[in-house]
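Asker: got a predicted structure plus its sequence, pasted below:
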Amino acid sequence: MRAALALTLAASVLFTSVPAVATASSADLSAPGYVQVGYFTQWGIYKRDFQVKNVHTSGMADKLTHINYAFANVGADGKCFEANAAGVGDAWADYQKRYKAGDSVDGVADAYNTPLAGNFNQLRKLKALHPGLKVQMSIGGWSWSKYLSDAALTPASRQAMVASCVDMFLKGNLPLIGSSVQGGPGSAYGVFDGFDVDWEWPASEGNPGNTIRPADKANFVALLAEFRAQLDAYGAQIGRTFSLTAFLPADPAKIDAGIDPAVFGYLDFGTVQGYDLHGAYESTSNHQSQLYSPAADPAPQRYSADQAIQHYRAQGAPAAKLVLGIPYYGRGWAGVSTANNGLYQTSTGPARGTYENGIEDYKKIIIKSGPTYYDPVAGAVWKLSGTSFWSYDDTRSIAQKTAYVKANGLGGTMAWSLDGDTASADLTSAIHTGLS
């Protein structure tokens, strides 16, 4: 899941009016169509049994503009790599797993000696059926940002990192690993249309053990500049263009520490984390993804998705390049009382989740027993299932968030992650409808 920010947002069903949204400039509002981004997780093919085929059969693919594939790892040498090692890499899922006809996007089984199999081949097939869809390789994430500060440190290290990523994922030169025949020169050519840089976080603490430097803020700009230069140079060679995006924090302290607005000069757009604002790592139930933070919020810091967006805008970020992140999962607290319908109540710890305690997919939350509550002031939804409090997004809060995107001239939305949606793509469809 995403990095847990020490942010604060909240809701009270006692409020009846929605806070006014900032007025976007006419230049921002004249931006072309909205992007609708969804992350496909490498590991979702296992316990969740969410395959690339499901993106097609659910109807998601027709409603998305971009899929970000999570994640590529960067090693201690500062270069993109593939491996089959727990917690380090899963080349088998990426491009070695051969799919049977019934599990394949196009109904055709992978031959034993095909140069490309796995998720990468399925994504290539998905793009063939949906020609307008772009697929980006997302680099880093919460677990694999450890060496990004080192990779971004010098001109030489930046050049080497970007060149390795371009070679592996755009030119498609995948390594042959173990006894597998999958991989080889050009084997993954045509799968990816660009990169999403998911550094969590420049100059701020992320996963324990990550390298962090004050210079990360300037080096992040330089790294994106190197990406842009190499993408443009390679694109000119083969007669096409490649996209570049980044996942950006919502915590104003992390924004100030690590995100220079100059990054937007190199990005097609930046996706702003609109979730993990609260979680069961805190003792009091709260909203993990609310749009606004009302006065009733008892947390020592009170942040919101709106506050993050307005913070970027105040620093000079163009509204049309800001994309609002929306979760397809909820965060849960156990042992809460029924006072205030469970909101802002002391808990005994994380609620039990199917795959991880304190976290649950949207499709799992909606079948839990108990009443649901929606507060349009906070732009937040929750369910009280017995003594478990679940904070998540549904079609009501999504309608409010997509209206916010349009009213503020933002670039669109991003969802983490597609495997949390229903088989009929209820959340993806709600976003698509809201942005139409």
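Answerer: Sure thing, it's come through.

Asker: output the longest helix seen in the chain as CSV - backbone C-alpha positions only.
Answerer: Scanning the chain for the longest helix, with DSSP state H as the assignment, gives helix 216-238. C-alpha atoms of helix 216-238 as CSV (Å, rounded to 0.1, in the frame of the first residue of the first chain):
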residue,chain,number,x,y,z
ASP,A,216,17.1,15.2,-2.8
LYS,A,217,14.8,18.1,-3.6
ALA,A,218,17.1,19.5,-6.2
ASN,A,219,18.3,16.1,-7.4
PHE,A,220,14.6,15.0,-8.0
VAL,A,221,14.3,17.9,-10.5
ALA,A,222,17.6,16.9,-12.1
LEU,A,223,16.5,13.2,-12.3
LEU,A,224,13.3,14.1,-14.0
ALA,A,225,15.2,16.4,-16.4
GLU,A,226,17.4,13.4,-17.2
PHE,A,227,14.4,11.2,-17.8
ARG,A,228,12.8,13.8,-20.0
ALA,A,229,16.0,14.3,-22.1
GLN,A,230,16.6,10.6,-22.6
LEU,A,231,12.9,9.9,-23.4
ASP,A,232,12.9,12.7,-25.9
ALA,A,233,16.1,11.5,-27.5
TYR,A,234,15.0,7.9,-27.8
GLY,A,235,11.6,8.9,-29.0
ALA,A,236,13.2,11.0,-31.8
GLN,A,237,15.2,8.0,-32.9
ILE,A,238,12.1,5.8,-33.3
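
Asker: what packs against that helix?
Answerer: Where contact means 3 or more Cβ pairs under 8 Å, 6 or more residues apart in numbering; DSSP states H and E, helix 216-238 is packed against helix 148-151, helix 155-165, strand 194-199, strand 243-248, helix 252-258. Where you see a C-beta, it was placed from the backbone N, CA and C, and this is true even at glycine.

Asker: what is the mean pLDDT for stretch 158-175?
Answerer: For stretch 158-175, mean pLDDT is 98.

Asker: let's number from 59 now, not from 1
Answerer: Okay, residue one is now 59; in that scheme the one you just asked about reads as stretch 216-233.

Asker: what about it, distance to the chain center?
Answerer: Relative to its parent chain, stretch 216-233 has a centroid offset of 22 Å by Cα atoms, centre = their mean, to the nearest Å.

Asker: in the longest helix of the chain, which residues are buried?
Answerer: Residues of helix 274-296 classed as buried: 274-286, 288-289, 292 (neighbour count, 16 or more other Cβ atoms under 10 Å).

Asker: that helix vs helix 213-223, what angle?
Answerer: Calculated by axes from the mean of the first three to the mean of the last three Cα atoms, to 10 degrees, helix 274-296 forms an angle of 50 degrees with helix 213-223.

Asker: return the most buried member of the helices and strands packed on helix 274-296.
Answerer: Burial of the helices and strands packed on helix 274-296 is given as mean neighbour count (mean count of other Cβ atoms under 10 Å); strand 252-257 ranks first at a mean of 27.

Asker: neighbouring contacts of that strand?
Answerer: For strand 252-257, the external contacting residues (Cβ atoms under 8 Å, 6 or more residues apart in numbering) are 126, 128-129, 192, 194-199, 203, 206, 210, 223, 227, 278, 281-282, 285, 289, 300-305, 326, 329.

Asker: 7 Å - rerun?
Answerer: 126, 129, 192, 194-199, 203, 206, 223, 278, 282, 285, 289, 300-305 (Cβ atoms under 7 Å, 6 or more residues apart in numbering).

Asker: and what of stretch 300-313?
Answerer: 63-65, 192, 194, 228, 251-256, 259, 262, 282, 285-286, 289, 293, 317, 321, 324-332, 335, 361, 363, 366, 369-370.

Asker: quick one: end-to-end distance for it.
Answerer: Using Cα to Cα, to the nearest Å, one end of stretch 300-313 lies 26 Å from the other.

Asker: now stretch 377-394
Answerer: End to end - Cα to Cα - stretch 377-394 spans 39 Å.

Asker: buried ones in it, by neighbour count?
Answerer: Those would be 377-394, for stretch 377-394 by 16+ other Cβ under 10 Å.

Asker: all strands for the stretch 309-458 of the chain, in order.
Answerer: For the stretch 309-458 of the chain, applying DSSP state E, counting those that start in this stretch gives strands covering 327-330, 380-385, 387-392, 407-408, 417-419, 430-433, 438-443, 446-450.

Asker: need the contact partners of the last one.
Answerer: Contacts with strand 446-450, where a contact means Cβ under 7 Å, 6+ apart, come from 343-347, 385, 387-392, 394, 400, 409, 418, 420, 423, 438-441.

Asker: now swap in the second one and tell me
Answerer: Strand 380-385 has contacts (Cβ under 7 Å, 6+ apart) with 93, 95, 327-333, 347, 363, 367, 370, 450-451, 456, 459, 463, 468-474, 489.

Asker: run the chain-centre distance for it.
Answerer: On Cα atoms, centre = their mean, the centre of strand 380-385 falls 8 Å from that of its chain.

Asker: quick one: mean pLDDT for that strand?
Answerer: Here the average pLDDT along strand 380-385 is 98.

Asker: ditto for the first one
Answerer: Model confidence over strand 327-330 averages 98 on the pLDDT scale.

Asker: dump that strand to PDB, keeping only the CA atoms.
Answerer: In PDB, the C-alpha atoms belonging to strand 327-330 read as follows (Å, rounded to 0.1, in the frame of the first residue of the first chain):
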ATOM      1  CA  PHE A 327       1.400  15.300 -14.800                       C
ATOM      2  CA  GLY A 328       1.900  14.500 -11.100                       C
ATOM      3  CA  THR A 329      -0.400  12.300  -9.100                       C
ATOM      4  CA  VAL A 330      -1.000  13.600  -5.600                       C
END
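
Asker: tell me which strands that strand pairs with, and in which orientation.
Answerer: strand 301-306 (parallel), strand 380-385 (parallel) (DSSP bridges).

Asker: do you know which of those lies nearest residue 148?
Answerer: Ranking those by distance to residue 148, with Cβ to Cβ as the measure, places strand 301-306 first at 20.1 Å.
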